[in-house]
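Chemist: Based on what follows, work out the 3D shape:
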Amino acid sequence: MAPTPSTALATLPSAFAAACRLSRTEGELFERCRVALVRRFQSELLWLSLVSPTEHMPRVGPEEGFDDAVEVARLGSGETEVVIHADPSVAGEMRAVAMPLALGLSVVLELRSILLERQSALDDAVFQLRALRQVARLLSSVHSIEDTEQLILDFMAEVFFAWWACLYRPEGEAYAPKVFRSLNDRLRPAPIATAALDRALPPGSAATGADDVAVAALVGPGAELVVPLDAGAERMAVLVLGSRISDKLYGRAELELAGTLSFAAAIALKNSELVEQLHSAATTDELTGLYNRRALEERLASEISRSLRHQLHTSVLLLDLDRFKVINDTMGHAAGDRLLIEVARVLRQQCRALDVVGRLGGDEFLVILPMTKPSEAQVFVARVQESLRQLEQTHPDFGPCTLSMGVAESPRHGTAVSSLLAAADTALYKAKRAGRNTVEVADG
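Modeler: Okay, the predicted model is just below:
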(Lines give C-alpha, C1' and ligand atoms only; values in the text may rest on other atoms or scores of the structure.)
Protein backbone atom coordinates (compact mmCIF):
# COMPACT_ATOMS: atom_id res chain seq x y z
CA MET A 1 0.00 0.00 0.00
CA ALA A 2 1.35 3.47 -0.94
CA PRO A 3 2.18 5.71 1.98
CA THR A 4 -0.29 8.45 2.77
CA PRO A 5 0.96 12.05 2.57
CA SER A 6 1.03 12.33 6.34
CA THR A 7 3.15 9.15 6.60
CA ALA A 8 5.48 10.30 3.82
CA LEU A 9 6.09 13.63 5.58
CA ALA A 10 6.27 12.23 9.10
CA THR A 11 10.00 12.87 9.68
CA LEU A 12 10.43 15.99 7.56
CA PRO A 13 9.03 18.85 9.71
CA SER A 14 11.63 18.33 12.43
CA ALA A 15 14.37 18.01 9.81
CA PHE A 16 13.26 21.25 8.10
CA ALA A 17 13.10 23.00 11.48
CA ALA A 18 16.64 21.89 12.29
CA ALA A 19 17.78 23.10 8.86
CA CYS A 20 16.22 26.49 9.57
CA ARG A 21 18.03 26.79 12.91
CA LEU A 22 21.44 25.68 11.66
CA SER A 23 21.63 27.39 8.25
CA ARG A 24 23.40 30.70 7.81
CA THR A 25 22.41 31.28 4.17
CA GLU A 26 19.44 30.40 2.00
CA GLY A 27 21.66 28.15 -0.12
CA GLU A 28 22.74 26.22 2.96
CA LEU A 29 19.09 26.04 4.11
CA PHE A 30 18.01 24.51 0.80
CA GLU A 31 20.89 22.04 0.81
CA ARG A 32 19.99 20.82 4.30
CA CYS A 33 16.32 20.50 3.28
CA ARG A 34 17.35 18.60 0.13
CA VAL A 35 19.43 16.20 2.23
CA ALA A 36 16.35 15.55 4.40
CA LEU A 37 14.33 14.77 1.27
CA VAL A 38 17.07 12.52 -0.09
CA ARG A 39 16.99 10.50 3.10
CA ARG A 40 13.20 10.23 3.05
CA PHE A 41 12.77 9.28 -0.63
CA GLN A 42 16.05 7.34 -0.96
CA SER A 43 17.24 9.19 -4.07
CA GLU A 44 20.03 11.71 -4.71
CA LEU A 45 18.29 12.94 -7.86
CA LEU A 46 16.35 15.75 -6.22
CA TRP A 47 16.71 19.46 -6.92
CA LEU A 48 15.45 22.58 -5.19
CA SER A 49 15.46 26.08 -6.57
CA LEU A 50 14.28 29.51 -5.47
CA VAL A 51 13.15 32.22 -7.84
CA SER A 52 12.40 35.79 -6.81
CA PRO A 53 12.40 39.22 -8.51
CA THR A 54 15.54 40.27 -6.64
CA GLU A 55 17.64 37.11 -6.87
CA HIS A 56 17.83 33.72 -8.54
CA MET A 57 19.51 31.25 -6.23
CA PRO A 58 21.56 28.56 -8.00
CA ARG A 59 19.76 25.25 -8.24
CA VAL A 60 20.58 22.95 -5.30
CA GLY A 61 21.26 19.34 -6.27
CA PRO A 62 23.66 17.10 -8.19
CA GLU A 63 25.26 18.44 -11.36
CA GLU A 64 24.22 15.44 -13.47
CA GLY A 65 20.77 14.06 -14.16
CA PHE A 66 18.76 17.27 -14.18
CA ASP A 67 18.07 17.06 -17.91
CA ASP A 68 15.83 14.06 -17.27
CA ALA A 69 14.21 15.52 -14.14
CA VAL A 70 10.59 16.59 -14.01
CA GLU A 71 9.01 19.37 -12.02
CA VAL A 72 6.98 17.92 -9.19
CA ALA A 73 5.96 21.14 -7.39
CA ARG A 74 5.97 24.92 -7.77
CA LEU A 75 4.58 27.07 -5.00
CA GLY A 76 4.55 30.84 -4.85
CA SER A 77 4.88 32.76 -1.58
CA GLY A 78 4.41 36.42 -2.38
CA GLU A 79 6.76 37.14 -5.26
CA THR A 80 9.00 34.19 -4.42
CA GLU A 81 8.60 30.70 -5.90
CA VAL A 82 9.91 27.42 -4.52
CA VAL A 83 10.40 24.77 -7.25
CA ILE A 84 11.07 21.06 -6.69
CA HIS A 85 12.41 18.76 -9.44
CA ALA A 86 12.95 15.02 -9.15
CA ASP A 87 14.09 12.06 -11.19
CA PRO A 88 11.17 10.26 -12.87
CA SER A 89 11.82 7.18 -10.71
CA VAL A 90 10.71 9.04 -7.56
CA ALA A 91 8.61 11.77 -9.15
CA GLY A 92 5.39 9.82 -8.76
CA GLU A 93 5.93 9.21 -5.05
CA MET A 94 6.95 12.83 -4.48
CA ARG A 95 4.16 14.31 -6.55
CA ALA A 96 1.63 12.92 -4.06
CA VAL A 97 3.18 15.03 -1.35
CA ALA A 98 4.82 17.74 -3.50
CA MET A 99 2.51 20.60 -2.63
CA PRO A 100 2.76 20.04 1.13
CA LEU A 101 6.53 19.79 0.64
CA ALA A 102 6.73 23.08 -1.24
CA LEU A 103 4.42 24.68 1.30
CA GLY A 104 6.67 23.44 4.10
CA LEU A 105 9.72 24.86 2.38
CA SER A 106 8.05 28.24 1.84
CA VAL A 107 7.07 28.32 5.53
CA VAL A 108 10.67 27.53 6.44
CA LEU A 109 11.82 30.47 4.31
CA GLU A 110 9.36 32.81 5.98
CA LEU A 111 10.44 31.56 9.40
CA ARG A 112 14.06 32.10 8.44
CA SER A 113 13.25 35.63 7.35
CA ILE A 114 11.62 36.31 10.71
CA LEU A 115 14.60 34.80 12.52
CA LEU A 116 16.99 36.99 10.53
CA GLU A 117 14.96 40.10 11.36
CA ARG A 118 14.95 39.19 15.02
CA GLN A 119 18.65 38.43 14.91
CA SER A 120 19.25 41.80 13.31
CA ALA A 121 17.17 43.47 16.02
CA LEU A 122 19.09 41.53 18.67
CA ASP A 123 22.41 42.55 17.10
CA ASP A 124 21.25 46.19 17.15
CA ALA A 125 20.27 45.86 20.81
CA VAL A 126 23.62 44.31 21.70
CA PHE A 127 25.41 47.06 19.77
CA GLN A 128 23.42 49.72 21.61
CA LEU A 129 24.21 48.13 24.97
CA ARG A 130 27.90 48.14 24.11
CA ALA A 131 27.65 51.77 23.10
CA LEU A 132 25.93 52.62 26.38
CA ARG A 133 28.61 50.74 28.30
CA GLN A 134 31.28 52.78 26.57
CA VAL A 135 29.46 55.99 27.47
CA ALA A 136 29.21 54.79 31.07
CA ARG A 137 32.98 54.39 31.07
CA LEU A 138 33.33 57.89 29.69
CA LEU A 139 31.10 59.25 32.46
CA SER A 140 32.88 57.33 35.19
CA SER A 141 36.29 58.78 34.39
CA VAL A 142 37.40 62.39 34.61
CA HIS A 143 38.95 64.03 31.57
CA SER A 144 39.81 67.58 30.58
CA ILE A 145 37.29 69.47 28.50
CA GLU A 146 39.41 69.03 25.37
CA ASP A 147 39.84 65.31 25.96
CA THR A 148 36.11 64.87 26.60
CA GLU A 149 35.24 66.72 23.39
CA GLN A 150 37.56 64.49 21.38
CA LEU A 151 36.29 61.31 23.06
CA ILE A 152 32.66 62.20 22.34
CA LEU A 153 33.38 63.02 18.71
CA ASP A 154 35.40 59.85 18.09
CA PHE A 155 32.92 57.65 19.93
CA MET A 156 29.81 58.95 18.16
CA ALA A 157 31.47 58.91 14.73
CA GLU A 158 32.51 55.29 15.19
CA VAL A 159 29.16 54.17 16.63
CA PHE A 160 27.37 55.42 13.52
CA PHE A 161 30.22 54.70 11.05
CA ALA A 162 30.17 58.28 9.77
CA TRP A 163 32.55 59.52 7.10
CA TRP A 164 32.97 62.76 9.01
CA ALA A 165 31.82 64.37 12.23
CA CYS A 166 32.03 67.80 13.82
CA LEU A 167 31.38 68.86 17.42
CA TYR A 168 30.21 72.45 17.77
CA ARG A 169 30.52 74.32 21.08
CA PRO A 170 28.71 77.60 21.89
CA GLU A 171 31.09 80.55 21.79
CA GLY A 172 29.43 83.95 21.97
CA GLU A 173 26.96 84.37 19.13
CA ALA A 174 27.97 81.25 17.22
CA TYR A 175 28.45 77.53 17.55
CA ALA A 176 32.12 77.10 16.72
CA PRO A 177 33.41 73.86 15.10
CA LYS A 178 35.57 72.88 18.08
CA VAL A 179 36.56 69.32 17.11
CA PHE A 180 36.45 67.80 13.63
CA ARG A 181 37.41 64.48 12.06
CA SER A 182 37.04 63.19 8.53
CA LEU A 183 37.88 60.00 6.65
CA ASN A 184 37.49 61.69 3.29
CA ASP A 185 38.29 65.12 1.87
CA ARG A 186 35.50 66.90 3.71
CA LEU A 187 36.44 70.50 4.57
CA ARG A 188 36.12 71.74 8.15
CA PRO A 189 32.60 73.15 8.62
CA ALA A 190 32.01 76.85 9.27
CA PRO A 191 30.52 78.32 12.48
CA ILE A 192 26.72 78.35 12.87
CA ALA A 193 24.77 81.31 14.24
CA THR A 194 23.63 80.46 17.76
CA ALA A 195 20.23 82.15 17.58
CA ALA A 196 19.34 80.56 14.23
CA LEU A 197 20.26 77.02 15.28
CA ASP A 198 18.49 77.38 18.64
CA ARG A 199 15.35 78.44 16.81
CA ALA A 200 15.55 75.46 14.48
CA LEU A 201 16.47 73.08 17.32
CA PRO A 202 15.22 74.47 20.65
CA PRO A 203 16.75 73.05 23.85
CA GLY A 204 15.36 69.60 24.50
CA SER A 205 15.05 68.74 20.81
CA ALA A 206 15.71 65.17 19.73
CA ALA A 207 18.32 64.09 17.21
CA THR A 208 17.15 64.84 13.71
CA GLY A 209 18.03 64.00 10.15
CA ALA A 210 19.20 66.78 7.88
CA ASP A 211 15.98 66.45 5.88
CA ASP A 212 14.63 69.24 8.11
CA VAL A 213 14.91 72.21 5.75
CA ALA A 214 15.68 74.80 8.45
CA VAL A 215 18.39 72.63 10.01
CA ALA A 216 19.88 71.61 6.65
CA ALA A 217 20.27 75.24 5.64
CA LEU A 218 22.36 75.88 8.76
CA VAL A 219 24.58 72.78 8.89
CA GLY A 220 25.32 72.82 5.17
CA PRO A 221 25.37 70.13 2.47
CA GLY A 222 26.62 66.65 3.31
CA ALA A 223 25.32 66.58 6.88
CA GLU A 224 22.87 63.75 7.55
CA LEU A 225 22.41 63.65 11.33
CA VAL A 226 22.27 66.54 13.82
CA VAL A 227 22.41 65.68 17.52
CA PRO A 228 21.90 68.38 20.18
CA LEU A 229 23.83 67.67 23.40
CA ASP A 230 21.62 69.23 26.07
CA ALA A 231 22.11 68.97 29.83
CA GLY A 232 18.71 70.09 30.99
CA ALA A 233 18.02 73.55 29.58
CA GLU A 234 21.72 74.16 28.87
CA ARG A 235 23.02 73.30 25.42
CA MET A 236 26.53 71.97 25.84
CA ALA A 237 27.24 71.23 22.18
CA VAL A 238 25.80 70.17 18.83
CA LEU A 239 27.14 67.14 16.98
CA VAL A 240 26.82 66.93 13.20
CA LEU A 241 27.51 63.68 11.36
CA GLY A 242 27.99 63.08 7.66
CA SER A 243 26.89 60.09 5.61
CA ARG A 244 27.63 56.56 6.82
CA ILE A 245 30.49 54.47 5.48
CA SER A 246 28.05 51.60 4.91
CA ASP A 247 25.86 53.90 2.77
CA LYS A 248 22.93 53.03 5.03
CA LEU A 249 20.60 55.85 5.97
CA TYR A 250 20.06 57.00 9.53
CA GLY A 251 16.79 55.32 10.50
CA ARG A 252 14.57 55.54 13.53
CA ALA A 253 16.80 53.15 15.50
CA GLU A 254 19.84 55.38 14.87
CA LEU A 255 17.91 58.50 15.87
CA GLU A 256 16.79 56.87 19.11
CA LEU A 257 20.29 55.65 19.91
CA ALA A 258 21.72 59.10 19.14
CA GLY A 259 19.21 60.65 21.53
CA THR A 260 20.18 58.25 24.32
CA LEU A 261 23.89 58.76 23.81
CA SER A 262 23.56 62.54 23.44
CA PHE A 263 22.28 63.00 26.99
CA ALA A 264 25.16 60.97 28.40
CA ALA A 265 27.64 62.92 26.27
CA ALA A 266 26.19 66.24 27.44
CA ILE A 267 26.53 65.18 31.07
CA ALA A 268 30.14 64.12 30.43
CA LEU A 269 30.89 67.58 28.99
CA LYS A 270 29.19 69.29 31.93
CA ASN A 271 31.14 67.15 34.39
CA SER A 272 34.45 67.98 32.72
CA GLU A 273 33.65 71.70 32.88
CA LEU A 274 32.72 71.49 36.56
CA VAL A 275 35.90 69.56 37.37
CA GLU A 276 38.04 72.13 35.60
CA GLN A 277 36.23 74.95 37.39
CA LEU A 278 36.84 73.27 40.74
CA HIS A 279 40.47 72.65 39.87
CA SER A 280 40.88 76.24 38.74
CA ALA A 281 39.29 77.53 41.94
CA ALA A 282 41.64 75.39 43.99
CA THR A 283 44.82 76.40 42.15
CA THR A 284 44.19 79.92 40.84
CA ASP A 285 44.43 83.28 42.55
CA GLU A 286 41.03 84.88 42.16
CA LEU A 287 42.28 88.45 41.68
CA THR A 288 45.14 87.99 39.21
CA GLY A 289 44.34 84.65 37.58
CA LEU A 290 47.86 83.41 38.40
CA TYR A 291 48.67 80.26 40.34
CA ASN A 292 47.95 80.53 44.07
CA ARG A 293 50.32 79.49 46.89
CA ARG A 294 49.13 75.88 46.94
CA ALA A 295 49.63 75.38 43.21
CA LEU A 296 52.99 77.18 43.28
CA GLU A 297 54.34 74.94 46.02
CA GLU A 298 53.17 71.81 44.14
CA ARG A 299 54.81 72.97 40.91
CA LEU A 300 57.99 73.98 42.73
CA ALA A 301 58.21 70.55 44.36
CA SER A 302 57.93 68.94 40.92
CA GLU A 303 60.60 71.21 39.44
CA ILE A 304 62.99 70.57 42.34
CA SER A 305 62.50 66.83 41.90
CA ARG A 306 63.15 67.11 38.18
CA SER A 307 66.26 69.25 38.70
CA LEU A 308 67.70 66.67 41.12
CA ARG A 309 66.82 63.74 38.86
CA HIS A 310 68.35 65.27 35.74
CA GLN A 311 71.01 67.47 37.40
CA LEU A 312 69.43 70.69 36.18
CA HIS A 313 69.39 74.20 37.64
CA THR A 314 66.09 75.72 38.77
CA SER A 315 65.89 79.33 39.95
CA VAL A 316 63.09 80.95 41.89
CA LEU A 317 62.41 84.67 42.13
CA LEU A 318 60.52 86.04 45.10
CA LEU A 319 59.15 89.47 44.13
CA ASP A 320 57.62 92.14 46.34
CA LEU A 321 56.03 95.41 45.22
CA ASP A 322 57.86 98.41 46.65
CA ARG A 323 55.75 100.87 48.67
CA PHE A 324 52.53 99.03 47.85
CA LYS A 325 51.05 100.11 51.21
CA VAL A 326 51.29 103.72 50.06
CA ILE A 327 49.09 102.96 47.05
CA ASN A 328 46.47 101.30 49.26
CA ASP A 329 46.53 104.13 51.80
CA THR A 330 46.40 107.02 49.33
CA MET A 331 44.39 105.62 46.42
CA GLY A 332 42.36 102.88 48.09
CA HIS A 333 42.37 99.11 47.95
CA ALA A 334 40.55 99.07 44.59
CA ALA A 335 43.50 100.92 43.02
CA GLY A 336 45.88 98.52 44.75
CA ASP A 337 44.03 95.59 43.23
CA ARG A 338 44.27 97.16 39.78
CA LEU A 339 48.02 97.56 40.23
CA LEU A 340 48.39 93.93 41.29
CA ILE A 341 46.50 92.84 38.19
CA GLU A 342 48.79 94.93 35.97
CA VAL A 343 51.94 93.56 37.59
CA ALA A 344 50.58 90.02 37.17
CA ARG A 345 50.02 90.74 33.48
CA VAL A 346 53.62 91.95 33.11
CA LEU A 347 55.04 88.87 34.81
CA ARG A 348 52.90 86.53 32.72
CA GLN A 349 53.93 88.24 29.48
CA GLN A 350 57.65 88.04 30.25
CA CYS A 351 57.63 84.37 31.25
CA ARG A 352 58.60 81.61 28.87
CA ALA A 353 56.21 78.75 28.16
CA LEU A 354 58.01 76.51 30.67
CA ASP A 355 58.14 79.14 33.44
CA VAL A 356 55.62 79.29 36.27
CA VAL A 357 54.33 82.49 37.85
CA GLY A 358 51.95 82.94 40.75
CA ARG A 359 50.86 85.12 43.64
CA LEU A 360 51.87 83.94 47.09
CA GLY A 361 49.63 86.49 48.75
CA GLY A 362 49.32 90.23 49.28
CA ASP A 363 51.81 91.99 47.02
CA GLU A 364 54.23 89.05 46.87
CA PHE A 365 54.77 87.01 43.71
CA LEU A 366 56.84 83.92 42.90
CA VAL A 367 58.37 83.02 39.55
CA ILE A 368 59.83 79.55 38.91
CA LEU A 369 62.44 79.43 36.13
CA PRO A 370 63.31 75.81 35.23
CA MET A 371 66.71 75.05 33.69
CA THR A 372 67.91 78.54 34.66
CA LYS A 373 70.82 79.73 36.77
CA PRO A 374 70.60 82.97 38.84
CA SER A 375 72.90 84.71 36.36
CA GLU A 376 70.60 83.66 33.50
CA ALA A 377 67.55 84.82 35.46
CA GLN A 378 68.85 88.39 35.13
CA VAL A 379 67.54 88.39 31.54
CA PHE A 380 64.01 87.85 32.86
CA VAL A 381 64.57 90.48 35.57
CA ALA A 382 65.65 93.05 33.00
CA ARG A 383 62.56 92.42 30.84
CA VAL A 384 60.26 92.79 33.83
CA GLN A 385 61.90 96.05 34.95
CA GLU A 386 61.61 97.50 31.44
CA SER A 387 57.91 96.55 31.29
CA LEU A 388 57.32 98.21 34.68
CA ARG A 389 58.89 101.43 33.38
CA GLN A 390 56.44 101.33 30.46
CA LEU A 391 53.62 100.66 32.93
CA GLU A 392 54.48 103.93 34.65
CA GLN A 393 53.92 105.75 31.34
CA THR A 394 50.58 104.05 30.56
CA HIS A 395 49.31 104.28 34.16
CA PRO A 396 50.87 107.46 35.60
CA ASP A 397 48.28 107.52 38.40
CA PHE A 398 50.18 104.70 40.14
CA GLY A 399 53.47 106.59 40.04
CA PRO A 400 56.78 104.69 39.81
CA CYS A 401 56.21 100.92 40.09
CA THR A 402 59.22 98.85 41.17
CA LEU A 403 59.92 95.38 42.54
CA SER A 404 62.42 94.06 45.01
CA MET A 405 63.53 90.55 44.15
CA GLY A 406 65.27 87.69 45.92
CA VAL A 407 66.76 84.84 43.88
CA ALA A 408 67.54 81.31 45.02
CA GLU A 409 68.67 78.26 43.11
CA SER A 410 68.03 74.55 43.49
CA PRO A 411 69.92 72.48 44.43
CA ARG A 412 72.53 75.01 45.62
CA HIS A 413 70.26 76.87 48.05
CA GLY A 414 67.89 74.07 48.92
CA THR A 415 66.42 70.77 47.79
CA ALA A 416 63.03 71.22 49.46
CA VAL A 417 60.28 73.76 48.85
CA SER A 418 60.55 75.27 52.34
CA SER A 419 64.34 75.65 52.31
CA LEU A 420 64.43 77.11 48.80
CA LEU A 421 61.68 79.65 49.56
CA ALA A 422 63.37 80.56 52.82
CA ALA A 423 66.62 81.28 50.96
CA ALA A 424 64.77 83.43 48.39
CA ASP A 425 62.92 85.25 51.21
CA THR A 426 66.20 86.09 52.95
CA ALA A 427 67.56 87.47 49.67
CA LEU A 428 64.37 89.49 49.16
CA TYR A 429 64.66 91.26 52.51
CA LYS A 430 68.28 91.93 51.76
CA ALA A 431 67.13 93.65 48.55
CA LYS A 432 64.55 95.67 50.53
CA ARG A 433 67.21 96.87 52.98
CA ALA A 434 69.45 97.77 50.05
CA GLY A 435 66.99 100.48 48.97
CA ARG A 436 64.31 98.61 46.99
CA ASN A 437 64.11 98.13 43.20
CA THR A 438 67.08 95.81 43.51
CA VAL A 439 67.83 92.12 43.04
CA GLU A 440 69.77 89.97 45.49
CA VAL A 441 70.87 86.34 45.15
CA ALA A 442 70.82 84.08 48.19
CA ASP A 443 74.15 83.46 49.89
CA GLY A 444 75.95 80.16 49.57
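Chemist: got the contact list for the residue nearest to Asn437 when sequence neighbours are not counted?
Modeler: Distances taken as CB to CB, 6 or more residues apart in numbering put Thr402 closest to Asn437, at 3.8 Å, once the chain neighbours are dropped. Placement of C-beta: from N, CA and C, glycine included. When contacts are counted by CB atoms under 8 Å, 6 or more residues apart in numbering, Thr402 touches Leu321, Asp322, Gln385, Leu388, Arg436, Asn437.
Chemist: again, only this time at 10 Å
Modeler: Neighbour list for Thr402: Asp320, Leu321, Asp322, Arg323, Gln385, Leu388, Arg389, Glu392, Arg436, Asn437, Thr438 [criterion: CB atoms under 10 Å, 6 or more residues apart in numbering].
Chemist: pLDDT at Leu261, what is it?
Modeler: Leu261 is assigned 83 on the pLDDT scale.
Chemist: per-residue confidence at the residue nearest to Asn437?
Modeler: pLDDT at Thr402 comes out at 91.
Chemist: separation between it and Gln385?
Modeler: Between Thr402 and Gln385 the distance is 8 Å, computed by CB to CB, to the nearest Å.
Chemist: okay, and the common contacts of the two?
Modeler: Asn437.
Chemist: Pull the distance from stretch 255-274 to the chain's centre.
Modeler: 10 Å (CA atoms, centre = their mean, to the nearest Å).
Chemist: which residues make contact with stretch 410-423 from outside it?
Modeler: 296-301, 303-308, 311-316, 318, 360, 366, 368, 370, 373-374, 406-409, 424, 426-427, 441-444.
Chemist: just the helices in the stretch 151-300 of the chain please.
Modeler: Using DSSP state H, counting those that start in this stretch, the helices assigned to the stretch 151-300 of the chain run over residues 194-200, 213-219, 252-283, 293-310.
Chemist: circling back: which members of the contacts of stretch 410-423 are classed as buried?
Modeler: Buried by 16 or more other CB atoms under 10 Å: 296-297, 299-300, 303-304, 307, 312-316, 318, 360, 366, 368, 370, 373-374, 406-409, 424, 426-427, 441-442, out of the contacts of stretch 410-423.
Chemist: related to what we said a few turns ago, Serialize the helices of the stretch 151-300 of the chain to TSV and add fields for distance to Arg352.
Modeler: Listed next are the helices of the stretch 151-300 of the chain as TSV, based on distance: least, CB to CB, whole Å:
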stretch	distance to Arg352
helix 194-200	37
helix 213-219	42
helix 252-283	20
helix 293-310	13
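Chemist: Can you tell me which of those helices has the worst average pLDDT?
Modeler: Taking the mean pLDDT of those, helix 252-283 comes last: a mean of 83.
Chemist: Between helix 293-310 and that helix, find me the angle.
Modeler: Interaxial angle of helix 252-283 relative to helix 293-310 (axes from the mean of the first three to the mean of the last three CA atoms, to 10 degrees): 90 degrees.
Chemist: circling back to that earlier point, of all the helices of the stretch 151-300 of the chain, which lies closest to Tyr175?
Modeler: helix 194-200 (5.9 Å; CB to CB).
Chemist: number of nearby residues for Ala190?
Modeler: Look at Ala190: counted by other CB atoms under 10 Å, it has 10 neighbours.
Chemist: so who does it touch?
Modeler: Taking CB under 10 Å, 6+ apart, one finds Ala174, Ala176, Pro177, Val219, Gly220 in contact with Ala190.
Chemist: Tell me the backbone dihedrals of the last one, please.
Modeler: For Gly220, the backbone dihedrals (degrees, to the nearest 10) come out as phi 90, psi 170.
Chemist: Confirm for me that it is in contact with Pro189.
Modeler: Yes - using CB atoms under 10 Å, Gly220 is in contact with Pro189, at 6.2 Å.
Chemist: Of these two, give the one with the bigger neighbour count.
Modeler: Pro189 (20 against 14).
Chemist: of the helices of the stretch 151-300 of the chain, which approaches Leu75 most closely?
Modeler: Leu75 sits nearest to helix 252-283 of all the helices of the stretch 151-300 of the chain, at 34.0 Å, using CB to CB.
Chemist: Just the buried positions in that closest one, please.
Modeler: 254-255, 257-258, 261-262, 264-272, 276, 283.
Chemist: With stretch 175-183 instead?
Modeler: Those would be Tyr175, Pro177, Lys178, Val179, Phe180, Arg181, Ser182, for stretch 175-183 by 16+ other CB under 10 Å.
Chemist: Then stretch 422-440?
Modeler: Within stretch 422-440, the residues that count as buried by 16+ other CB under 10 Å are 422-428, 430-432, 437-440.
Chemist: okay, and the helix or strand of the protein with the least pLDDT?
Modeler: Least confident helix or strand, the chain: helix 5-8 with a mean of 47, by mean pLDDT, DSSP states H and E.
Chemist: For the residue lying closest to Tyr291 once chain neighbours are set aside, list each beta-bridge partner.
Modeler: Nearest non-adjacent residue to Tyr291, counting by CB to CB, 6+ apart: Gly358, 3.1 Å away. Note on Gly358: beta-bridge partners Tyr291, Leu366, judged by DSSP bridges.
Chemist: check contacts around Gly358.
Modeler: Contact analysis of Gly358 by CB under 10 Å, 6+ apart lists 283-285, 288-297, 299-300, 344, 347-348, 365-368.
Chemist: Ok, Thr330 next?
Modeler: Gly336, Gly399.
Chemist: chain center to the host helix or strand of it, what's the gap?
Modeler: Taking DSSP states H and E as the criterion, Thr330 maps to helix 324-331. Mean-position distance between helix 324-331 and its chain equals 51 Å (CA atoms, centre = their mean).
Chemist: what comes up buried for that helix?
Modeler: In helix 324-331, the ones that count as buried by 16+ other CB under 10 Å are Phe324, Ile327.
Chemist: quick check: angle from whichever helix or strand comes after it to helix 324-331?
Modeler: Once helix 324-331 ends, the next helix or strand along the chain (criterion: DSSP H and E) is helix 333-350. Helix 333-350 runs at 140 degrees relative to helix 324-331, counting by the same axes, to 10 degrees.
Chemist: In helix 333-350, which residues are buried?
Modeler: Quick answer for helix 333-350 (16+ other CB under 10 Å): Gly336, Arg338, Leu339, Leu340, Glu342, Val343, Ala344, Val346, Leu347, Gln350.
Chemist: with those in mind, which one is nearest to Glu63?
Modeler: Minimum distance to Glu63 across the buried residues of helix 333-350 is 88.2 Å, recorded for Gln350 (CB to CB).
Chemist: Return the residues in contact with that closest one.
Modeler: The neighbourhood of Gln350, defined by CB under 10 Å, 6+ apart, consists of Val357, Val367, Val379, Phe380, Val381, Ala382, Arg383, Val384, Gln385, Glu386, Ser387.
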